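Enquirer: Prediction below, plus the sequence it came from.
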Amino acid sequence: MPDGDQVGFLVNGGSLKQQLNADLLPNMHYTLTVQVGDRLGIPFADYSVGLYANGNFLAQALSADFRPADGQFITATVHYASPSVVAPGQRLEIRLKELEGAMHVLGKSDWI
């Protein structure tokens, strides 16, 4: 089980979002990692985990790419390389969304 700083549980189309205390900067590579868990014996639902700036989509990971085995966790990773010019004051945000069914997420957000 992950021992992350930010932990959440999603079910029935739920979502989580966290606005970070950081702005999008030019020429940066961002890496977001989230531990996604599938509760033992419960059907696993599709999900997305995304990185946004001022509500604008930057990058995402989908359950099709990062799907844990029953009763296990897997690390979903989102990568984003910012362009050389960005508008100032764009606050970064993480969004986790369950797309259908029952999903169980415990995780830690890491920035590299």
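Expert: Yep, that arrived.
Enquirer: ok, what's across the strand from the residue most central in space within the chain?
Expert: With distances taken as Cα atoms, centre = their mean, V49 lies nearest the centre of the chain, 3.2 Å away. On the basis of DSSP bridges, V49 is bridged to A61, L96.
Enquirer: show me what contacts it?
Expert: By Cβ atoms under 8 Å, 6 or more residues apart in numbering, the contact list for V49 reads L32, V34, V36, Q60, A61, A76, V78, I94, R95, L96, K97. For the C-beta atoms, the positions are set from N, CA and C on the backbone; glycine is no exception.
Enquirer: Can you verify my assumption that the last one contacts N12?
Expert: No: with contact defined as Cβ atoms under 8 Å, K97 and N12 do not form a contacting pair (11.9 Å).
Enquirer: what about those two, which has more around it?
Expert: The neighbour comparison of K97 against N12 (other Cβ atoms under 10 Å) goes to K97, with 17 against 10.
Enquirer: contacting residues for that one?
Expert: Counting by Cβ under 8 Å, 6+ apart, K97 touches L10, G14, S15, L16, Y47, S48, V49, G50.
Enquirer: before we move on, the earlier item: report the separation between the residue nearest to the centre of the chain and P68.
Expert: 13 Å (Cβ to Cβ, to the nearest Å).
Enquirer: Between the two, which contacts overlap?
Expert: Common neighbours of V49 and P68 (Cβ under 8 Å, 6+ apart) are V36.
Enquirer: For the chain, give me the ranges with low pLDDT.
Expert: 1-7, 100-112 (pLDDT under 70).
Enquirer: where do the strands sit along this structure?
Expert: Counting by DSSP state E, the segments of the chain that form strands are 15-23, 29-37, 47-53, 56-62, 73-81, 91-98, 104-105, 110-111.
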